[in-house]
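Student: when you get a sec, could you give me coordinates for this:
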Amino acid sequence: MSVRDLQKLEDKDLIEGCLKNDRLYQEALYRKYADGMYRVAWTYAKDEDEAADILQDGFINVFRKLNRYKFEGSFEGWIRRIIINKALEHYRAKRRKEEVIREYNEHQSHSTDELLSGIQAKELVNMVNHLPEKAALVLKLYAIEGYAHREIADMMGISEGTSKSQLNRARGLLREKLNRLNGE
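Tutor: This next block holds a predicted model:
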């Protein structure tokens with residue numbers, strides 16, 4: 001039997017096949033409901049990628065919780081509730097992440113402002129120039145020239161991860177120098 005043929009089965013038969021971990025039945029169930037549930041996910045998402053993530057994560061939950069379905073009420077409604085709950089989880093996680101980033105940035109800008117108060121631009125340039133060469137170069141390309149880590153990696157022949165770690169290293173070393181200069 002093909003996936004297309006399986007999609008025509010009653011939900012009860014599809015569910016029973018899924019509970020036996022039969023991949024064809026799982027694919028058939030997914031294909032039967034994915035388009036409608038994508039529209040539900042899209043209602044709660046900011047873009048197509050987020051809607052696709054919600055749909056994928058939602059169907060993972062559908063398959064994990066399938067044994068809990070009691071065959072009471074609409075199966076499609078049951079799936080819909082899972083997709084909506086997953087969309088709400090995405091929203092809460094995104095909001096928490098934004099709050100953490102905002103708090104971090106506020107803390108960083110205040111501490112950086114305090115560190116930079118009373119220092120001359122010439123002194124700061126001198127400190128940057130005395131950082132390890134690779135770290136200083138990444139810092140200059142990123143902070144002054146505005147290049148992205150991918151671009152820096154390509155220009156310097158390093159990985160994107162190395163670019164990020166060198167930037168963090170440069171910031172940390174610069175912060176230490178500024179703290180010493182401010183007597184901390």
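
Student: quick check: buried residues in whichever strand or helix holds Arg169?
Tutor: Arg169 belongs to helix 160-181 when assigned by DSSP states H and E. For helix 160-181, burial by neighbour count (16 or more other CB atoms under 10 Å) applies to Thr162, Ser163, Gln166, Leu167, Arg169, Ala170, Arg171, Leu173, Leu174, Lys177, Leu178. C-beta coordinates here come from the backbone N, C-alpha and C atoms, glycine included.

Student: quick one: list the elements packing against it.
Tutor: Judged by 3 or more CB pairs under 8 Å, 6 or more residues apart in numbering; DSSP states H and E, helix 160-181 is in contact with helix 75-116, helix 121-129, helix 133-139, helix 149-156.

Student: ok, which of those helices comes nearest Asp47?
Tutor: Distance to Asp47, taken as CB to CB, is lowest for helix 75-116 among the helices and strands packed on helix 160-181, at 11.9 Å.

Student: let's have the buried residues of helix 160-181 in a markdown table, adding distance to Asn85 and pLDDT.
Tutor: Compiled in a markdown table, these are given as follows (distance: CB to CB, whole Å; pLDDT from 0 to 100):
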| residue | distance to Asn85 | pLDDT |
| --- | --- | --- |
| Thr162 | 40 | 92 |
| Ser163 | 38 | 91 |
| Gln166 | 41 | 91 |
| Leu167 | 38 | 90 |
| Arg169 | 41 | 92 |
| Ala170 | 43 | 89 |
| Arg171 | 39 | 89 |
| Leu173 | 46 | 90 |
| Leu174 | 45 | 84 |
| Lys177 | 49 | 82 |
| Leu178 | 47 | 78 |
